[in-house]
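Undergrad: Predicted model, plus sequence, below.
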Amino acid sequence: MNDSDVLIIGSGAAGLTAALNLADRFKVTVLAKGALGEGATGWAQGGIAAVLEQGDTFESHIEDTMVAGAGLNDRATVEFVVENAPAAIAQLEQLGVPFNMDGNALHLTREGGHSHRRIVHVADATGAAVQAALEKAAHAHPNITLVPDIVAIDLITGRHQEHFSTSGRVHGLYAFNRQTKRVETWTARATILASGGAGRTYLYSTAPRGATGDGIAMAWRAGCRVSNMEFMQFHPTCLYNLEVKNFLITEAVRGEGGLLKLPTTGERFMPRFDPREELAPRDIVARAIDHEIKRLGLDYVHLDISHKPPEFVREHFPNIYDRLIALGIDITTQPIPVVPAQHYTCGGVLIDRNGCTDAKGLYAAGEVTQSGLHGANRLASNSLLECLVFGEAAAKHINANWDRMPKPPAVRSWDESRVADSDEEVVIQQCWREIRHFMWNFVGIVRTTKRLERAKHRIDLLRQEVADYYSHFRVTPDLIELRNLVEVADLIIRSALHRKESRGLHYTLDYPDMLPHAVDTVLVP
């Protein structure tokens, strides 16, 4: 039994921000699924959006967010996040994040959907710099314990108590320790889910290997509502390379003048789809690329910034330049082959502005949530911002309500007495591959009711198989992830079937129009 005051599942921007805001008063344990820096935060190339430029306003950032979100955002949440953005940037500066400067001011870049330059960044590797600074501060704090290689299985609720309870309160977590190969019990008075999104439900994704929707699936099983899972953001420009998977070409390449062209003719195609051309929001750009690839039977399209001066390109995109040079592509003289890939989970566990979920004692922050910020499509560079603002908000609420949080009761240990070691790992690999393929083909960038129904039929069969397998064999990290992937894929498909319109990221040929009123999809366990 491992007991702490507050347990945080996830070691990215949301989890570590919460930990640092709690640790002066409480003993905090942060669990990472793999190594500490392996989550999505460290992969974020772009930056963090905040109103810092002369002439820019909160109202303008709010409006841009609402327009990108196709009106489905919760306006009060958008205002809350946008107004807290400058303070979040200031805190990162205090932690030593070396943001690019323009003289004495922060250098601001612009990305698709933004009406002003408002993206603070560290060249094209902002997430890695933010992750490094947060980790350094967490390591230095005596009240924070960072534990890698812990794979979450299920939240501990009243039904796991020694004296069964229907309270629904969360008291911690059962998790598999990769090093000891044992299931451990972790208890706490408050638990924060900061476990990231569900990108690995799809064949092509920029998400890290561990993004299997664990937090969303666990919260759903613990009785929490899940919302807007049909809104999966596809990043328009992921490097097309058979050796290197998931290398993202940041939005900022288009922000600084990169052009999308057909590899066959060199013709630009974005002017045919949107007056904003390459700076249109991601869903429009991704659909345009998908359309051209399918129309012409291409494997990829070209993203070309070679018309800019070579020193400008190398200075703005040093990491992309170095990575692609190693692959034989010189972006100062050649175009980059790109395809869309799943990039961000806009839906998730429903939370309020304090990060509270439906289950008492359980909070959530970051990509695992549906906070109301993103609506039907996330605006570029609002994701790290959401992690920072809601990580702090959850910590504040725990601080303010600590005296009302009971100590964890006695809970039962994990029982493996009736299961055996798996003799057929191939079953897990086959199911995993099957899910990712049919999700890509049937629940991808462009959808139809028939394709969604095919996906639903397949996921129902797989769910039965996986449940049967899970009940007979000892858990392994792969089996835990597969169980969660099946759960999350089902939530995505059900949500997509429920929405009888096209809005934001959910585009269906059967209902191409947008309904007059924006309504969240809310699934109740």
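TA: Happy to help now that I have it. The model shown is predicted, which means the values in this text are computed figures rather than measured ones.
Undergrad: Looking at the protein, which helix is longest?
TA: Ranked by number of residues, the top helix in the chain under DSSP state H is helix 449-472.
Undergrad: Contacts only, for Thr77.
TA: 353, 371-373 (Cβ atoms under 8 Å, 6 or more residues apart in numbering). For glycine as for every other residue, the C-beta is placed from the backbone atoms N, C-alpha and C.
Undergrad: hmm, back to that, so what does the longest helix of the chain touch, helix or strand wise?
TA: On a contact count with 3 or more Cβ pairs under 8 Å, 6 or more residues apart in numbering; DSSP states H and E, helix 449-472 meets helix 425-442, helix 477-498.
Undergrad: Please identify the deepest-packed of these.
TA: Most buried of those by mean neighbour count (mean count of other Cβ atoms under 10 Å) is helix 477-498; its value is a mean of 23.
Undergrad: partners of whatever helix or strand comes next after that helix in the sheet?
TA: Going down the chain from helix 477-498, the next helix or strand is strand 522-523, by DSSP states H and E. Strand 522-523 pairs in its sheet with strand 226-227 (antiparallel), by DSSP bridges.
Undergrad: Centre of the chain to the longest helix of the chain, how far?
TA: 24 Å (Cα atoms, centre = their mean, to the nearest Å).
Undergrad: where exactly do the helices run in this protein?
TA: Under DSSP H, the chain gives helices at 13-22, 58-68, 75-94, 126-140, 214-221, 252-255, 282-296, 310-316, 318-326, 383-401, 425-442, 449-472, 477-498.
Undergrad: Out of the contacts of Thr77, which comes closest to Val130?
TA: Leu373 (18.0 Å; Cβ to Cβ).
Undergrad: got the contact list for the closest one?
TA: Leu373 neighbours (Cβ under 8 Å, 6+ apart): 65, 69, 73-74, 77-78, 81, 382, 386.
Undergrad: among those residues, who's most crowded?
TA: Counting neighbours by other Cβ atoms under 10 Å, Gly69 comes out on top of the contacts of Leu373 with 29 neighbours.
Undergrad: Tell me the spacing between that residue and Glu278.
TA: From Gly69 across to Glu278, the span is 21 Å (Cβ to Cβ, to the nearest Å).
Undergrad: Check which residues of the longest helix of the chain are buried.
TA: By 16 or more other Cβ atoms under 10 Å, the buried positions in helix 449-472 come out as 451-452, 454-456, 458-459, 462-463, 466, 469.
Undergrad: Kindly report the same for stretch 80-91.
TA: Judged by neighbour count using 16+ other Cβ under 10 Å, the buried positions of stretch 80-91 are 80-82, 84-85, 88-89, 91.
Undergrad: Out of these, which is nearest to Asn228?
TA: Once Cβ to Cβ is applied, the member of the buried residues of stretch 80-91 that ends up nearest Asn228 is Val81, at 16.3 Å.
Undergrad: quick one: the closest one and Glu386 touch, right?
TA: Yes: using Cβ atoms under 8 Å, Val81 is in contact with Glu386, at 6.1 Å.
Undergrad: Mutual contacts of these two, please.
TA: The contact lists of Val81 and Glu386 share 371, 373, where a contact means Cβ under 8 Å, 6+ apart.
Undergrad: coming back round to it: pick the one among the buried residues of helix 449-472 closest to Ile8.
TA: Nearest member of these to Ile8, counting by Cβ to Cβ, is Val466, at 27.7 Å.
Undergrad: Correct me if wrong: that closest one contacts Cys431.
TA: Yes: counting by Cβ under 8 Å, Cys431 is a contact partner of Val466 at 6.2 Å.
Undergrad: Between those two, which contacts overlap?
TA: Joint contacts of Val466 and Cys431 (Cβ under 8 Å, 6+ apart) are 482, 486.
Undergrad: Low-confidence bits of the stretch 251-400 of the chain, can you list those?
TA: Scanning the stretch 251-400 of the chain for pLDDT under 70 picks out no residues.
Undergrad: what do you get if the cut-off is 80, keeping everything else the same?
TA: Applying pLDDT under 80 to the stretch 251-400 of the chain flags the ranges 281.
Undergrad: next one: the chain
TA: For the chain, the ranges with pLDDT under 80 are 45-46, 112, 124, 242, 244-246, 281, 417, 422-425.
Undergrad: Determine the longest strand present in it.
TA: strand 182-193 (DSSP state E).
Undergrad: Show me what that one is packed against.
TA: By 3+ Cβ pairs under 8 Å, 6+ apart, strand 182-193 packs against strand 2-9, strand 28-31, strand 150-156, strand 172-177, helix 214-221, strand 362-364.
Undergrad: hmm, 7 Å instead?
TA: strand 2-9, strand 150-156, strand 172-177, strand 362-364 (3 or more Cβ pairs under 7 Å, 6 or more residues apart in numbering; DSSP states H and E).
Undergrad: With mean neighbour count added, can I get those strands in JSON lines?
TA: Listed next are those as JSON lines, based on neighbours: other Cβ atoms under 10 Å:
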{"stretch": "strand 2-9", "mean neighbour count": "24"}
{"stretch": "strand 150-156", "mean neighbour count": "23"}
{"stretch": "strand 172-177", "mean neighbour count": "22"}
{"stretch": "strand 362-364", "mean neighbour count": "29"}
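Undergrad: out of the ones you listed, which comes closest to His139?
TA: strand 2-9 (14.6 Å).
Undergrad: Tell me what angle the closest one forms with helix 383-401.
TA: Counting by axes from the mean of the first three to the mean of the last three Cα atoms, to 10 degrees, strand 2-9 points 140 degrees away from the direction of helix 383-401.
Undergrad: helices or strands up against strand 2-9?
TA: Partner elements for strand 2-9 (3+ Cβ pairs under 7 Å, 6+ apart): helix 13-22, strand 28-31, strand 172-177, strand 182-193.
Undergrad: can the ones you listed go into CSV with extra columns for distance to Gly366?
TA: Putting the helices and strands packed on strand 2-9 into CSV (distance: least, Cβ to Cβ, whole Å) gives the following:
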stretch, distance to Gly366
helix 13-22, 3
strand 28-31, 13
strand 172-177, 17
strand 182-193, 8
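Undergrad: Packed most tightly, which of those would that be?
TA: When you average the neighbours per residue for each of those (mean count of other Cβ under 10 Å), helix 13-22 leads with a mean of 29.
Undergrad: Check what contacts that helix and list those residues.
TA: Contacts to helix 13-22, defined as Cβ atoms under 7 Å, 6 or more residues apart in numbering, come from residues 6, 8, 28, 30, 41, 130, 134-135, 137-138, 141, 144, 192, 194, 365-366, 384, 387-388, 390-392, 394-395, 398.
Undergrad: Among the residues you listed, the buried ones, what's the ChimeraX command?
TA: A single ChimeraX command selects the buried members of the contacts of helix 13-22 (16+ other Cβ under 10 Å):
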select :6,8,28,30,41,130,134,135,137,138,144,192,194,365,366,384,387,388,390,391,392,394,395,398
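Undergrad: Tell me who's in contact with Leu509.
TA: Contacts of Leu509 by Cβ under 7 Å, 6+ apart are 446, 448.
Undergrad: so Val97 makes contact with Ala133?
TA: Yes: in this structure, Val97 is within contact of Ala133 by Cβ atoms under 7 Å, at 4.7 Å.
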